[in-house]
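Colleague: Here is a sequence with its predicted model. Questions after.
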Amino acid sequence: MSRKYDYLVPDSLREIFEATDGPPITVETLPKRRTAMAELFASLAPPAKPARTIQVPTGDEGRTVELRVLEPESRKTDGAIYAIHGGGYVVGTAEMMDNLNQQLANNIGCVVIAVDYRLAPETPFPGPLQDCFDGFQYVAENADALGINAAKLIIEGESAGGGLAAALCLMCRDRKAHEAVGQALVYPMLDHRTATPDDPDPNPTVAHYSWSRENNVFGWSAMRGGYQLDDARIGHFSPARAADLSGLPPAFIGTGALDLFLNEDIDYARRLSIAGVPVELHVYPGGPHGFQRISDLPAARGFRRDHLNAMRSWLGIEPDI
């Protein structure tokens, strides 16, 4: 099917997205979407060495948060990456990312620790973010036992995981808790207003493939639950709404030029810079949401290189050029 802005998408990438586009996520289709995503990632080869799991106690009696620990083939640093998976706040698991997180561990040469946060709508805000916070503070407080350096922890996330990563950095700052040495935000989902009548900067060229406007509205509505947007936590819910971005860790933000999150990601980078936070922003041409995962086009290779090199720089590792 021809779409108005097809000329912006490389032909090979457009064919892939047309073959994989699914129906909008709704309450009725959500179970099927979760199953389909699990099956897709299950088709990837498992890591050579299975992830080690840790059950982290929380403030809720009897409830734990699972962390999945993946060791690199060869360590280059005692730092670690705390990884938060994507899925629009409503789908996905930490386990489904084992293969990709193992690749990340091997590419950087450090431990990767993934958090399995609860999903909306069953657990709306602040539950998923609190899970991420509890897991991250556990990692920092138990760094010696984990064989890592608490002063070299990176928070990394993709899509909704990028939104949670940004929110986690804000929460750590606001609670005066342990903070990361850097935040790697891969096309982060930051602004609950995007694709709604309150969208501060609508862009007609984005969201024609992969993550749609309809899915975005559903994901944010599920995450919001009964939250009224009327207190100081609004930046923890939707980082784009945070009044103060000062004092945050250095940030990498990478997004595709055709990603629904393009405008909010650029604006967040702009505001980080104004607040005095070191920021590295990349926009990759011809890239819909998630393009670097399914494409070997030059822009996708550039995305992966820049993402890895930003984290290497925070850990004192020479970049791969």
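Modeller: Everything's here; your move.
Colleague: Was I right to think residue 26 contacts residue 218?
Modeller: Yes: counting by CB atoms under 8 Å, residue 218 is a contact partner of residue 26 at 6.5 Å. Glycine gets a C-beta too; all of them are placed from N, C-alpha and C.
Colleague: out of these two, which sits in the more crowded spot?
Modeller: residue 218 (22 against 11; other CB atoms under 10 Å).
Colleague: Could you list the low-confidence segments of the chain?
Modeller: Along the chain, the model assigns pLDDT under 70 to residues 1-2, 19-20.
Colleague: What segments of it are helices?
Modeller: Secondary structure of the chain (DSSP state H): helices at 11-20, 30-42, 98-108, 127-141, 143-146, 160-174, 213-224, 234-237, 262-274, 291-294, 298-314.
Colleague: Now do the same contact list for residue 263.
Modeller: 194, 201, 203, 206 (CB atoms under 8 Å, 6 or more residues apart in numbering).
Colleague: rerun that using 6 Å as the cut-off
Modeller: The neighbours of residue 263, taking CB atoms under 6 Å, 6 or more residues apart in numbering as the test, are 201, 203.
Colleague: Check residue 268 too.
Modeller: By CB under 6 Å, 6+ apart, the residues touching residue 268 are 190, 240.
Colleague: for the one 10 residues further on, same thing?
Modeller: The neighbours of residue 278, taking CB under 6 Å, 6+ apart as the test, are residue 250.
Colleague: Run a quick neighbour tally on residue 35.
Modeller: For residue 35, the count of nearby residues is 11 (other CB under 10 Å).
Colleague: now swap in residue 9 and tell me
Modeller: Neighbourhood size, residue 9 [other CB under 10 Å]: 24.
Colleague: With residue 109 instead?
Modeller: Residue 109 has 16 neighbouring residues, counting by other CB under 10 Å.
Colleague: Give me the buried positions along stretch 118-129.
Modeller: Buried positions in stretch 118-129, judged by neighbour count with 16 or more other CB atoms under 10 Å: 119, 120, 121, 123, 124, 125, 126, 127, 128, 129.
Colleague: hmm, which two among the residues you listed are most spread apart?
Modeller: 121 and 129 (14.9 Å; CB to CB).
Colleague: hmm, back to that, out of the helices of the chain, nearest to residue 153?
Modeller: Closest to residue 153 of those is helix 127-141 (CB to CB; 6.3 Å).
Colleague: ranking the helices of the chain by burial, who's on top?
Modeller: Ranked by mean neighbour count, those are led by helix 160-174 with a mean of 26 (mean count of other CB atoms under 10 Å).
Colleague: Need the contact partners of that one.
Modeller: Outside helix 160-174, the residues that reach it (CB under 6 Å, 6+ apart) are 84-89, 129, 132-133, 155, 157, 179, 183, 185-186, 188-190, 235-236, 239, 242, 247-249.
Colleague: which ones among these are found in strands?
Modeller: Using DSSP state E, 84, 155, 157, 183, 185, 186 are the members of those that sit in strands.
Colleague: Contacts only, for residue 249.
Modeller: 169, 180, 182, 183.
Colleague: try 7 Å this time
Modeller: Shown in contact with residue 249 (CB atoms under 7 Å, 6 or more residues apart in numbering): 169, 179, 180, 181, 182, 183.
Colleague: And it, how far from residue 299?
Modeller: Residue 249 is 26 Å from residue 299, where distance means CB to CB, to the nearest Å.
Colleague: Please apply the same query to residue 165.
Modeller: For residue 165, the distance to residue 299 equals 22 Å [CB to CB].
Colleague: How far does stretch 273-285 sit from its chain's centre?
Modeller: Offset of stretch 273-285 from its chain centre (CA atoms, centre = their mean, to the nearest Å): 16 Å.
Colleague: Pull out the buried positions in it.
Modeller: Across stretch 273-285, burial judged by 16+ other CB under 10 Å covers 277, 279, 280, 281, 282, 283, 284.
Colleague: Repeat that for stretch 48-55.
Modeller: Buried residues in stretch 48-55, counted by 16+ other CB under 10 Å: 51, 54.
Colleague: Just the endpoints, please. Distance across it?
Modeller: Stretch 48-55 has an end-to-end distance of 22 Å (CA to CA, to the nearest Å).
Colleague: ok, and what's touching that stretch?
Modeller: 64, 66, 67, 68, 69, 70, 71, 98.
Colleague: Okay, the fourth one and residue 103: tell me how far apart.
Modeller: As defined by CB to CB, residue 68 lies at a distance of 14 Å from residue 103.
Colleague: repeat for residue 167
Modeller: For residue 167, the distance to residue 103 equals 25 Å [CB to CB].
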